[in-house]
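A.B. asks: sequence and predicted structure, then a few things I'm wondering about:
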Amino acid sequence: MKRFIINFSLILIAFLIYFLQENFFDWFTIAGVMPNLFIIFILFIGLFTGKNKGTAYGFGIGLMLDIVVGNKIGIYTIVLGGVGFVSGIFAKNFSKDSRLTIMFMAAGLTAAYEIVVYLLNYFILDTNLEILIFLRILILEVIYNILLTIILYPLLKKFGYYIEHEYNGDRILTRYF
């Protein structure tokens, strides 16, 4: 029953993040650039639940975004699924307690996400290739996501360890030895 409640809570949080991105962060842009809270959310899901659940949530949230705001079905699905998979791999190789490590993960995944989405849009949708505008947007979004990661880190870490304990129980230390 607890796992159902956790999964239901994560789905509600995904809808809340969508609402925040579409309504709230339109008012708080930096030079017209909004943060991408979905990358931070999927990063934490992958870190605390593993690559399978991170990939599944990435695919699910990506499919929702493709249906609601995307031009083609599959672009956000593939890229966010990849973010979930990579963050699950990060869970085994890096510490979740280091704020600096989490900041670098958020920055790297944000940059990789934006580059892959931009390239997929360029090749699939035949959009224009404007490197300088893209680099400005990329740098501002990375900075914005890093700032939000710093702010949200304590809350997400606490909730993440609760989820990890619920899914893994006492088997957490066995993966390190």
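C.D. replies: Received it, and whenever you're ready, just let me know what you need. Residues are numbered from 1 along each chain as shown.

A.B. asks: neighbouring contacts of stretch 104-112?
C.D. replies: The contact list for stretch 104-112 (C-beta atoms under 8 Å, 6 or more residues apart in numbering) reads 36, 39-40, 43, 47, 83, 86-87, 90, 94, 138, 141-142, 145-146, 149. Using the backbone N, CA and C atoms, a C-beta is placed for each residue, glycine as well.

A.B. asks: buried ones in it?
C.D. replies: Met105, Ala106, Ala107, Leu109, Thr110, Ala111 (16 or more other C-beta atoms under 10 Å).

A.B. asks: the residue sitting nearest the centre point of the chain sits in which helix or strand?
C.D. replies: Against the mean C-alpha coordinate of the chain, by C-alpha atoms, centre = their mean, the closest residue is Ile39 at 1.9 Å. Using DSSP states H and E, Ile39 sits within helix 37-49.

A.B. asks: which residues does that helix contact?
C.D. replies: Contacts of helix 37-49 (C-beta under 8 Å, 6+ apart): 10, 13-14, 17, 20-21, 25, 53-55, 57-58, 61, 65, 80, 83-88, 90-91, 96, 102, 105-106, 109-110, 113, 145, 148-149, 152, 156, 160-161, 163-164, 167.

A.B. asks: with stretch 73-84 instead?
C.D. replies: With contact meaning C-beta under 8 Å, 6+ apart, stretch 73-84 is reached by 38-39, 42-43, 45-46, 51, 53-59, 61-63, 65-67, 70, 109, 112-113, 116-117, 120-121, 124.
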